[in-house]
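# Take a look and give me a structure for this.
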Amino acid sequence: MVIVDNLSVTGNMSSLRNLSGLNISPVVAVYKLDVTKSVNKSPVKDNVSALKNLSGRNISPVVTLYKLDITKNVNKSPVKDNVSTLITSSGRNISPVVSLYKLDMTKSVNKSTVTDNLSAMEKSPGINVALLEVTPADQSIRKAMPKEHGRPQKNLITSTPTAAKNLQDRNMKTQLTRKRLIEKKSVQEESFDELVPKRARRELAQKSEAVSSSDPSGILSTETKTVMTVEGASESDLSDGEDNSTFSRVGVPRLSEYEKKRLKNIRENAKFFASLNMLESATSLRRSVTKRRPPLPRQKKLKPDEEVVSRKSMRLQRLDPEGTPLPELPVKPETDYITRYVMKPAGPLQMVLVNEEQDDAFHDFQKGWNNTFSKVTMSTNRKQADNLERYRASLDRMTIEESYVCKVVRGRIYSMAIHPSETPVLIAAGDAYGGVGVWNLSKKNDPSHEVFIFEPHIQQVCCMHFSPTNPSQLFSLSYDGTVRCGDFTKTVFDEVYRTDFSLSSFDFLGQDGSTLILSHFDGGLAIVDRRTPGTSHEVFGTVEMGVLRTVHVHPEDRHYFVGCGGRTVNIYDVRQVKNKKLQNPVASLKGHSRNITSAYFSPTLGKRVVTTCYDDRLRVYDTSCILSNIDPLASIRHNNFTGRWLTSFRAVWDPKREDCFVVGSMSRPRQIEVFHETGSLLHTFFNMDYLASVCSINVMHPTRNVLAGGNSSGRVHVFMD
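Now for the predicted structure:
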């Protein structure tokens with residue numbers, strides 16, 4: 001038994017609430033003080049302002065309660081349960097508990113174990129509230145204790161131990177009296193059924209059944225039912241000599257008028273919903289939905305007596321508007337589609353015209369070849385205008401007319417070449433089906449045009465060049481893996497090279513045209529010497545870029561050549577090419593972000609390289625001094641996205657100029673553009689009457705002001721002065 005506030009207190013927490021008039025269970029849960037151990041020895045702040053800073057709350061009640069002298073420093077001995085510290089950590093006001101247990105905040109707790117006597121309480125004023133067990137007290141003793149926080153407390157706590165001792169002596173007489181009362185009323189711990197009278201228990205059970213029966217559908221929660229039951233119990237008439245305090249002691253709270261009214265509304269609503277029979281309706285509806293409907297009997301399909309004839313148009317019935325049958329269409333032989341992809345036989349092929357109607361014209365052309373084209377002297381010296389303005393003026397004089405437009409091949413044009421003779425102008429084009437067409441522009445007034453079409457290959461002709469020494473020879477390279485030399489004096493296509501891999505481009509290594517360098521699409525590189533027998537390569541190597549689109553030899557230092565593939569443009573030395581070995585580049589041209597379609601040296605000195613890239617840029621590089629890494633000299637914005645149905649653009653140099661190149665355009669009206677190496681646009685060739693398509697492949701005459709552009713339908717447009 002422990003003496004608290006001159007009262008003998010034992011028992012449980014419910015009696016503790018009766019003594020204090022407050023529910024201190026949250027405080028007990030928060031401050032589980034262990035009185036068997038020493039307290040935290042943090043120093044106490046000196047004044048009230050410091051306490052305010054610690055707690056952030058109004059501590060004037062605490063000052064009044066502990067009678068702190070704010071003009072002096074608080075005893076700096078170790079203090080446990082400082083009020084400001086407790087308020088800061090828990091956020092709760094525990095002054096009622098401090099008042100109840102007379103905690104002396106100016107002393108440290110005795111490290112000895114607390115016992116149930118007054119001397120232990122005096123030695124250990126910082127009692128652990130969680131360890132106290134309080135016995136029930138009657139109503140008169142509970143009324144003698146303070147009921148709620150905030151009421152004036154007279155002589156409740158003293159600021160010194162001496163004052164506390166005087167207070168105990170002064171209240172000794174009343175202590176004995178209260179002790180007798182407590183011993184008379186104290187009982188052992190009883191269960192809930194023993195503390196509540198029989199009549200109260202009976203009425204409480206009836207109200208619980210009433211609440212449960214008023215909610216058959218389970219609308220009310222368990223918590224609501226409990227509160228309603230408690231309310232009914234609080235309103236019951238507890239008799240048999242027992243007061244209301246006993247019923248309150250066992251944990252049944254007293255409800256306010258608002259709470260009673262709220263619970264009444266809940267009961268009425270529950271009864272109303274129960275009267276609607278919503279649960280039964282939902283159950284019956286659920287059963288009706290789950291019932292399976294009987295399957296409908298299958299109806300047998302009735303067969304029609306007469307078959308319905310679908311309607312067909314007269315065109316599908318091969319009838320004319322009068323009902324007369326039309327003649328049958330000729331059946332195309334299947335060999336037309338098969339022979340297109342069958343390799344041509346190895347060895348030389350005769351020049352057989354595809355357009356047989358031009359046989360007589362071709363014989364006349366062949367007879368006059370020796371008198372017309374054999375006298376042409378092939379020279380590497382190119383005419384070049386004195387200055388840029390004079391060159392621009394010569395471009396302005398170039399025009400197009402109806403006779404300068406002709407369909408030279410049947411399919412999309414992939415490559416073009418122009419004969420170096422000045423008169424007449426001879427233009428060759430290669431298409432997507434392996435065809436090679438030659439257009440003699442001297443017969444421009446002839447409405448039928450003098451065009452000769454051959455088929456030396458079976459797939460697209462990617463590259464074409466006239467021989468630099470023999471004007472009667474036309475070299476053509478195809479994707480089918482063959483290179484042929486068409487000799488118009490012998491009317492034969494000789495086979496120069498054959499492989500099982502696809503070829504992409506070629507150029508002449510020697511000025512006499514006897515040695516060729518060829519590129520494979522898969523990155524292979526072959527050197528072919530025409531003077532040796534056979535159709536195989538002399539040297540074969542591979543490049544590290546993995547793909548090759550074009551190769552072009554330097555016009556002066558012919559051991560250098562530029563190759564492009566993927567996003568890489570490199571300059572290689574042909575002397576380092578070895579069989580089956582990777583070639584390291586001499587120089588790399590930087591700056592490309594997408595795939596490149598072409599790269600060519602300038603025609604005279606090779607001091608510039610122009611590239612065409614799918615990142616919509618035309619780039620010019622300075623190769624006068626070959627370094628390991630070369631940055632672009634100029635980058636020109638140009639729409640190079642030709643799409644699927646157009647041949648990719650290739651910017652090519654004007655053979656007469658070292659600083660100007662020509663390229664097709666996607667702009668409207670359709671046009672062909674000429675750029676300077678600095679990036680400026682010099683001239684635009686367009687004519688809305690005779691140029692209405694995109695000319696992807698373009699070539700210029702080496703000595704005359706002649707420009708030929710080919711589109712994706714096999715048509716060639718010529719601008720000339």
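
# So, low pLDDT: which residues of this protein?
Low-confidence segments of the chain (pLDDT under 70): 1-168, 170-171, 173-253, 289-293, 299-308, 332-341, 370-386, 443-448, 580-583.

# Around residue 679, count how many other residues there are.
Residue 679 has 16 neighbouring residues, counting by other Cβ atoms under 10 Å. All C-beta atoms are positioned from the backbone trio N, CA, C, and that covers glycine.

# Residue 427 and residue 709 touch, don't they?
No: Residue 427 is beyond contact range of residue 709, at 10.3 Å (criterion: Cβ atoms under 8 Å).

# Need the overlap of contacts for those two.
716, 718 (Cβ atoms under 8 Å, 6 or more residues apart in numbering).

# who does whichever helix in the chain runs longest touch, helix- and strand-wise?
Determined from DSSP state H, the single longest helix within the chain is helix 257-275. Applying 3 or more Cβ pairs under 8 Å, 6 or more residues apart in numbering; DSSP states H and E, we find helix 257-275 packed against helix 222-235.

# Please enumerate the helices of the stretch 551-700 of the chain.
Counting by DSSP state H, counting those that start in this stretch, one finds no helices in the stretch 551-700 of the chain.

# on that earlier part again, more neighbours, residue 427 and residue 709?
Taking other Cβ under 10 Å, residue 427 and residue 709 do not tie; residue 709 has more neighbours (27 against 23).

# mind listing what the helix or strand the more buried one falls within pairs with, with the direction of each?
Assigned by DSSP states H and E, residue 709 belongs to strand 706-710. Paired neighbours of strand 706-710 in the sheet (DSSP bridges): strand 697-700 (antiparallel), strand 715-720 (antiparallel).

# Buried ones in that strand, by neighbour count?
In terms of neighbour count (16 or more other Cβ atoms under 10 Å), strand 706-710 has its buried residues at 706, 707, 708, 709, 710.

# burial count for residue 565?
Neighbourhood size, residue 565 [other Cβ under 10 Å]: 24.

# repeat for residue 533
Neighbour number of residue 533 under other Cβ under 10 Å is 6.

# again with residue 518
Counted with other Cβ under 10 Å, residues neighbouring residue 518 total 24.

# show me the contacts for it.
With Cβ under 8 Å, 6+ apart, residue 518 has these contacts: 477, 483, 497, 503, 505, 506, 525, 526, 527, 528, 537, 551.

# Please, which helix or strand holds it?
Here residue 518 sits within strand 515-520, counting by DSSP H and E.

# After that strand, which helix or strand is next?
Remark: after strand 515-520, the chain's next helix or strand is strand 524-529, criterion DSSP H and E.

# what comes into contact with that next one?
Strand 524-529 is touched from outside by 483, 496-497, 499, 501, 509, 514-520, 536-543, 548, 551, 563, 574, 577, 583, with contacts defined as Cβ under 8 Å, 6+ apart.

# Put together JSON lines for the strands paired with strand 706-710, with distance to residue 431 on each row.
Formatted as JSON lines, the strands paired with strand 706-710 follow (distance: least, Cβ to Cβ, whole Å):
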{"stretch": "strand 697-700", "distance to residue 431": "11"}
{"stretch": "strand 715-720", "distance to residue 431": "11"}
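
# among these, which is the most enclosed?
Comparing those by mean neighbour count (mean count of other Cβ atoms under 10 Å), strand 697-700 comes out on top with a mean of 24.

# how close does the spatially closest residue to residue 520 that is not a sequence neighbour get to residue 367?
Once flanking residues are discounted, residue 520 sits nearest to residue 501: 5.0 Å by Cβ to Cβ, 6 or more residues apart in numbering. Going from residue 501 to residue 367 by Cβ to Cβ, to the nearest Å gives 40 Å.

# what do you get for residue 692?
Distance of residue 692 to residue 367, computed by Cβ to Cβ: 37 Å.

# So these two - more neighbours on which side?
Shown here are residue 692 and residue 367; by other Cβ under 10 Å, residue 692 has more neighbours (15 against 10).

# In this model residue 668 seems to touch the more buried one, though I could be wrong.
No: contact criterion Cβ under 8 Å: residue 692 and residue 668 do not qualify, at 9.9 Å.

# Before I go, just wanted to say thanks for your time.
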